[in-house]
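[1] what shape does this take:
(chains A, B, C and D, ligands or ions: 4)
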Protein chains: 4
Amino acid sequence: MSADSKLVCVQDFEDYARSILPKNALDYYQSGSGEEYGLKLNRDAFRWLRIRPRILRDVSQRDLSVTVLGSKVGMPIGVAPTAMQRMAHADGECANARAAGAEGAIFTLSTLSTSSIEEVAAAAPDTVKWFQLYIYKDRKVTMDLVQRAEKAGFKAIVLTVDAPVFGIRLADLRNKFVLPSHLRLANFDGHLSTNVNDTTSGSSINDYVANLFDQSVTWEDVKWLKRSTNLPIVLKGILTEEDAKIAADLGVQGIQVSNHGARQIDGTLAPMEALPAVARAVGGRCEVFLDGGVRQGGDVFKALAGGARAVFAGRPLLWGLAAAGEAGARQVLRILRRELDHTLALAGCTKISDIRPCMIGYGSPLQKL
Amino acid sequence: MSADSKLVCVQDFEDYARSILPKNALDYYQSGSGEEYGLKLNRDAFRWLRIRPRILRDVSQRDLSVTVLGSKVGMPIGVAPTAMQRMAHADGECANARAAGAEGAIFTLSTLSTSSIEEVAAAAPDTVKWFQLYIYKDRKVTMDLVQRAEKAGFKAIVLTVDAPVFGIRLADLRNKFVLPSHLRLANFDGHLSTNVNDTTSGSSINDYVANLFDQSVTWEDVKWLKRSTNLPIVLKGILTEEDAKIAADLGVQGIQVSNHGARQIDGTLAPMEALPAVARAVGGRCEVFLDGGVRQGGDVFKALAGGARAVFAGRPLLWGLAAAGEAGARQVLRILRRELDHTLALAGCTKISDIRPCMIGYGSPLQKL
Amino acid sequence: MSADSKLVCVQDFEDYARSILPKNALDYYQSGSGEEYGLKLNRDAFRWLRIRPRILRDVSQRDLSVTVLGSKVGMPIGVAPTAMQRMAHADGECANARAAGAEGAIFTLSTLSTSSIEEVAAAAPDTVKWFQLYIYKDRKVTMDLVQRAEKAGFKAIVLTVDAPVFGIRLADLRNKFVLPSHLRLANFDGHLSTNVNDTTSGSSINDYVANLFDQSVTWEDVKWLKRSTNLPIVLKGILTEEDAKIAADLGVQGIQVSNHGARQIDGTLAPMEALPAVARAVGGRCEVFLDGGVRQGGDVFKALAGGARAVFAGRPLLWGLAAAGEAGARQVLRILRRELDHTLALAGCTKISDIRPCMIGYGSPLQKL
Amino acid sequence: MSADSKLVCVQDFEDYARSILPKNALDYYQSGSGEEYGLKLNRDAFRWLRIRPRILRDVSQRDLSVTVLGSKVGMPIGVAPTAMQRMAHADGECANARAAGAEGAIFTLSTLSTSSIEEVAAAAPDTVKWFQLYIYKDRKVTMDLVQRAEKAGFKAIVLTVDAPVFGIRLADLRNKFVLPSHLRLANFDGHLSTNVNDTTSGSSINDYVANLFDQSVTWEDVKWLKRSTNLPIVLKGILTEEDAKIAADLGVQGIQVSNHGARQIDGTLAPMEALPAVARAVGGRCEVFLDGGVRQGGDVFKALAGGARAVFAGRPLLWGLAAAGEAGARQVLRILRRELDHTLALAGCTKISDIRPCMIGYGSPLQKL
Ligand SMILES: Cc1cc2nc3c(=O)[nH]c(=O)nc-3n(C[C@H](O)[C@H](O)[C@H](O)COP(=O)(O)O)c2cc1C
Ligand SMILES: Cc1cc2nc3c(=O)[nH]c(=O)nc-3n(C[C@H](O)[C@H](O)[C@H](O)COP(=O)(O)O)c2cc1C
Ligand SMILES: Cc1cc2nc3c(=O)[nH]c(=O)nc-3n(C[C@H](O)[C@H](O)[C@H](O)COP(=O)(O)O)c2cc1C
Ligand SMILES: Cc1cc2nc3c(=O)[nH]c(=O)nc-3n(C[C@H](O)[C@H](O)[C@H](O)COP(=O)(O)O)c2cc1C
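    Ligands and ions are numbered 1, 2, ... in the order given. Reported below is the predicted structural model:
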């Protein structure tokens, strides 16, 4: 297929990807945990918000660029880290990283990627790249990842803090999900790289996490990480103002409001629900990001109005990749960019900083009748 | 078909039109932007309101007439401007304008009409006609339209302020929407009139707007327009009390609360949601209108109770036109009129000014239990 | 069919009736006005309420009887007036009236009945019967009805105040609804009795109402009616506390909170939504009743807790009648009675006056978390 | 089938059980009363709550054990009493009781069991067992049950207080539900044990209850029961803070917030809705439990955060039993345990007492925008 012919929105890419991906991979990509009520909520939270557009402003010149953790990027939309992207397309993370760079988006590489830190760096040297880190019981393994990311020119460490264990994703249990045997976790050697190629119990990835990730990680480890790298640190997976305050007090550079795409607890706050309180709690002491459920440019606008400096999309880029590799991923980003650009113009904004909290409202103002 | 046989409500006309219109036209007419959540909201907002009917009033004599911007009309329901009506029926805007006149409704002609200002004026000399204006980069083109409308006896200029760019309507992108080649934008000559007959990218109308409309229009241009014409000016597309106040301060004669039929941003306030606050902000300094989602006489009642002096329907008239040309359009207006008349009687009102804010309530009063 | 075999709830009777009634009659019976959103709301309003049951009370002896406008009846559930019941079953109103008496329910006879006042009185001499009155332009016709009802031993006049015109019921328009030619409006002679047997426009019954009912009725006519009869007067169709206050001030004996089964305005308050405010406004000065959407014993409980002294069911009795004449109507009443009885026991009540406002709550108390 | 192959969540077990159980039994097990709106509400109430997870806590060592009424058990999830379990599987209550013990759950045996107190005690000597009591008109029968439970080593008497009569479950009426003739109510002899094997009216179990249970039970009987046994007493079926206070004042050891699986009144509070107010009213004076709608580990978490010391599941264990007897029941409990364990870890808790009220919120915090 030619990625930009008939697929005109993210949902189209999802539908198309559903029609071509093998079940094992599709289910892994699409699943939320449990009965997936949270997955639905991640989307709904955006729908409950109304944009309040302002009119009659000169919007002929628009600029979507933002500076995120010191890097200037073309738009406030980035690629969230998702594991094992080569299941979607042979070019996997490399294609996605190239696409991000080409479209002015930040790319976040997962620890559990099927292309290595170095491969991605070589494939997409000019892309602003962040490295998503899981802390392994073996701290040497962990530190090794950080140092390789530093060396490869990654611009931030995104420490995922919502995954001491992995959520229960029913389809993966049913499928006895494994990484296809021709792929491996490319950042590792030996069993760390192949342990997800088979499973005795239910989902290989849940076993992997349970065996190798450190469930005892605390705020002390964040301090340790801060001491160990000069890269800015983003904590990914905060949903409460309580934790946001601790993070800001501790001096991290970024907080990514996220529920891991509703793949961990089924029934948490949706990120868009949690964002405004987190942003208020942080009060500008660090940058705040959001991921989860972003599917339209209008969602981006709402999150920015809710206090995010940038948002990240996970599954949409997997669908783009599945549909047409790098071209598909680019097209997905272009769609989101165009939609955001239109929303900006139609809301009376010309630059990202024009988007203000008063430009969204929750539910119907008729409630005040 | 005979328009008044089996089609007894607006929805019937919509269903019938869906069954006969070519996809290219149908999709253009029916689409909202994005995932069309806003389109659903436009309707739902009416449903959330409850009419509080008063009883035992003499309602034997009822009068639906109102004075709108100085013109006396038979009912507080008008025809919203919709582009390219000849796709629905060969008689297009002329039929619609005649129908409006015959039923006592105001007719608004779109800039992007397939019948010219002069054709419509000739076809429907006695109809109260308003001209909807888009501001072209070329101010001469713009002013020419205004002057022709004045000369042709139009009674107001409706300046659409929610369309510096056009919203992203997915079906049009998929269809690569074009105006059929036997039709043209009748208010223009040359490329201004035929540019929508083909497209290289996605939707011809979006290209047209992007190329020719002025995205730099501001409140200064409203002042310019005020200076340039003696016709009253209505700003169409205001959704916030903030903008409503500016408009009233500036001395426009009318504000049309509208989200362009949910065709611009997907996820704004529904007009019915925005109306009460706008009406309160304006405080009677200018007339307030509403369009978007009006499908039943009860909707009209709710909007009038919410502060509108008149409401306008867009798509319903396209469905009427498609079903049976002028006769169909008349039948749609007659249905809305009869439903409004019944609602009036059943709510204890005999004239439009009897409809008061206390006659509607939001949601369930049980919430106060 | 044998009415008490497989039909174990009101919904079963409705489903069965749908399967056997001719379309013309079925549609007339089931329709609400407009898009029937109000019809849905009438039911939903009950669902939004939660019963708060009290436990460990001796509920071994239960008494459902109540005194309504001075008549002692076996249960606080009555039959609402519905027109033309012989379309459901040859025995029509007579069967329904007998069933009501047998089950301890009040029966209300419609002005537009297909059995006359005298026929019903003869068929069901021991039933507590009320007569529902429409005021005809011809006051002699009106007064004649009242006097015949008095003479026939009816116990109250239920003046319907929500029907100066009839609501727009789309199916009736489509069907060009007429009363089948073998039936007539039995309380009248000549054209008053047969005018609904054919139609030139849409619905015969709407024409009938428009031609013959007096749309100029006001509170003065209520005074006139009070002066003209010694029977207690119930105003049926009040939905606001404002009108309830006027009615109570004026000294009527009863108020029936009703939206005419959602057949008039589509989009009013549901009766169950309106009831508590009406009951509070009346403050015991007259009796308050409710009809609309009552389908389960729990609904009756909720309405009584909301301030009603008794409730009335309309369509359920039509379904019962259609299924098996008098036996079917009795079975419907028995079902409602048994369900109410169980609800009483399970809520810790032994008599109707044990049901108190604090035994229901709106929505989820979690909202106060 | 092998119970732990493809069935990975409680819903899977339900779906499987639906496919294999005879209609008579399935309907008895699954039904709620009336239109089953309450049944839906029992689930929805959990969905309206959001878990607020805390991060970066050492969750490597987790302990799900709790002490419930003085007994230490492996997890705060128990088996609610459900009647006639041998319809699901030949091993019935014995299998379920063994499964509970094996998985560290409390087992509650119904008065209306198809395995006797003594059979269950013999089959599952090490399980923490509670006995659910209905009070028969014949107090000797009642006291006999209590004494046998004491003697058999049961650890508490769960007095069900929401069932003076049984709710109206439509499917049972339609099926004319009877206990299959090869089974009997095993705690009784003679007609007390076989009266549910046939029915003249509708549902045998409703007849049984109506004939034999004492509808005049009051708080005095609770005092009598307290005097008559040394076992702790749990009142099962309280939904209001008013009754919870009386119970706590009276000195019962436990309150089980329950609406009997929505099988009594259709339209009460859902247990999860009622719980927080009950827990607050009780203020720690006795232990508070919840049953109704628990289907996922996250539900357990929410109930514990809402104030429950433990929760009980009814139908899920019937589905487990139906699928694979004891092994199926164990698998259901294991699933719930694993899900709760994951929720704990992901919410930053290591033991049950870490779960605090501030870790859940109702609805969307956006409402405060
Ligand atoms: C298939 C998949 C794999 C993921 N892998 C990771 C991962 O390795 N590390 C991580 O921090 N988050 C991971 N996430 C979570 C994403 O970073 C992000 O939070 C989520 O996808 C955002 O929601 P969205 O998919 O609705 O955009 C994954 C999500 C998905 C869907
Ligand atoms: C097919 C179509 C074409 C439209 N064209 C115009 C237009 O040319 N100018 C304009 O101001 N509004 C235009 N609108 C918006 C309408 O004036 C109006 O705001 C909208 O249709 C009202 O919503 P309704 O269709 O639900 O009644 C158009 C709407 C539709 C559906
Ligand atoms: C078929 C039908 C005919 C009716 N006819 C009358 C009538 O003649 N007079 C009247 O006051 N109300 C009439 N009503 C309204 C009923 O009295 C009552 O308000 C309504 O049916 C209650 O709602 P329910 O059907 O949900 O119980 C009618 C309702 C129906 C459904
Ligand atoms: C089939 C069935 C039988 C039941 N039998 C009893 C019983 O004998 N005694 C009792 O106190 N509760 C009984 N209950 C209620 C349960 O104890 C419990 O309150 C309910 O099942 C909890 O809801 P859940 O099924 O959603 O988990 C029964 C419930 C069901 C579904």
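[2] surely residue A:108 is within a strand?
    Yes: using DSSP: H, G, I helix; E, B strand; the rest coil, the assignment for residue A:108 is a strand.
[3] dump the residue contacts of residue A:100.
    Contact partners of residue A:100, counting by CB atoms under 8 Å, 6 or more residues apart in numbering or on different chains, are A:78, A:79, A:106, A:107, A:124, A:127, A:128, A:329, A:333. Where you see a C-beta, it was placed from the backbone N, CA and C, and this is true even at glycine.
[4] can you rerun that using 7 Å?
    Shown in contact with residue A:100 (CB atoms under 7 Å, 6 or more residues apart in numbering or on different chains): A:79, A:106, A:107, A:127, A:333.
[5] now the third one: closest residue in space, sequence neighbours ignored.
    Using CB to CB, 6 or more residues apart in numbering or on different chains and skipping residues adjacent in sequence, the residue nearest residue A:107 is residue A:100, 3.7 Å away.
[6] any idea which element the one you found lies in?
    Assigned by DSSP states H and E, residue A:100 belongs to helix A:92-103.
[7] residues contacting the residue in the stretch 201-350 of chain A positioned nearest to chain B?
    Per CB to the nearest CB, the residue of the stretch 201-350 of chain A with the smallest distance to chain B is residue A:298, at 4.4 Å. Residue A:298 makes contacts with A:51, A:339, A:343, B:34, B:265, B:266, B:267, as judged by CB under 7 Å, 6+ apart.
[8] and which of the contacts of residue A:100 is nearest chain B?
    residue A:333 (15.2 Å).
[9] for the residue in the stretch 101-250 of chain A that chain C sits nearest to, give its distance to chain D.
    As assessed by CB to the nearest CB, chain C sits closest to residue A:240 within the stretch 101-250 of chain A, at 15.5 Å. Distance, residue A:240 to chain D, by CB to the nearest CB, to the nearest Å: 5 Å.
[10] for that residue, what are phi and psi?
    phi -120, psi 150 (degrees, to the nearest 10).
[11] circling back to that earlier point, can you redo the contacts of residue A:100 as JSON lines with neighbour count?
    Listed next are these as JSON lines, based on neighbours: other CB atoms under 10 Å in any protein chain shown:
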{"residue": "A:79", "neighbour count": "31"}
{"residue": "A:106", "neighbour count": "29"}
{"residue": "A:107", "neighbour count": "28"}
{"residue": "A:127", "neighbour count": "27"}
{"residue": "A:333", "neighbour count": "26"}
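[12] farthest-separated two in the residues you listed?
    A:127 and A:333 (11.6 Å; CB to CB).
[13] which stretches of the stretch 201-350 of chain A form helices?
    Secondary structure of the stretch 201-350 of chain A by DSSP state H, counting those that start in this stretch: the helices cover A:204-212, A:219-228, A:241-250, A:271-282, A:297-305, A:315-347.
[14] check which helix or strand covers the closest residue to ligand 2 within chain A.
    Closest to ligand 2 within chain A is residue A:55: 12.6 Å, counting by CB to the nearest ligand atom. Under DSSP H and E, no helix or strand contains residue A:55.
[15] kindly report the same for residue A:159.
    strand A:156-160.
[16] for the stretch 151-300 of chain A, which residues are neighbours of chain B?
    Contacts of the stretch 151-300 of chain A with chain B, taken as CB under 7 Å from any CB of the partner chain, map to A:296, A:298.
[17] close to chain D: what parts of the stretch 151-300 of chain A are there?
    Counting by CB under 7 Å from any CB, the residues of the stretch 151-300 of chain A near chain D are A:161-162, A:164-165, A:167-168, A:170, A:173-174, A:215-219, A:222, A:237-240, A:242-243, A:264-269, A:273, A:276-277.
[18] is there a quick PyMOL command that grabs whichever of these are buried?
    Buried members of those can be picked out in PyMOL with the line below, counting by 16 or more other CB atoms under 10 Å in any protein chain shown:
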select buried, chain A and resi 161+162+164+165+167+168+170+173+174+215+217+218+219+222+237+238+239+240+242+243+264+265+266+267+268+269+273+276+277
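[19] ok, residue A:244 touching residue A:280?
    No: Residue A:244 is beyond contact range of residue A:280, at 9.0 Å (criterion: CB atoms under 7 Å).
[20] which of those two has more neighbours?
    residue A:244 (27 against 15; other CB atoms under 10 Å in any protein chain shown).
[21] so who does the residue most central in space within chain A touch?
    Closest residue to the average C-alpha location of chain A: residue A:80 at 2.2 Å, with CA atoms, centre = their mean. Taking CB under 7 Å, 6+ apart, we find residue A:80 in contact with A:108, A:291, A:312, A:313, A:314.
[22] which pair in these spans the largest distance?
    Pairwise over the contacts of residue A:80, using CB to CB, the maximum falls at A:108 and A:313, 10.5 Å.
[23] intersection of neighbour lists for those two?
    A:79, A:80.
[24] where does pLDDT dip in chain A?
    A:1-5 (pLDDT under 70).
[25] so which bits of it are right by ligand 2?
    By the rule CB under 6 Å from any ligand atom, no part of chain A lies against ligand 2.
[26] which one of the residues in chain A is closest to ligand 1?
    Counting by CB to the nearest ligand atom, chain A gets nearest ligand 1 through residue A:314, at 2.2 Å.
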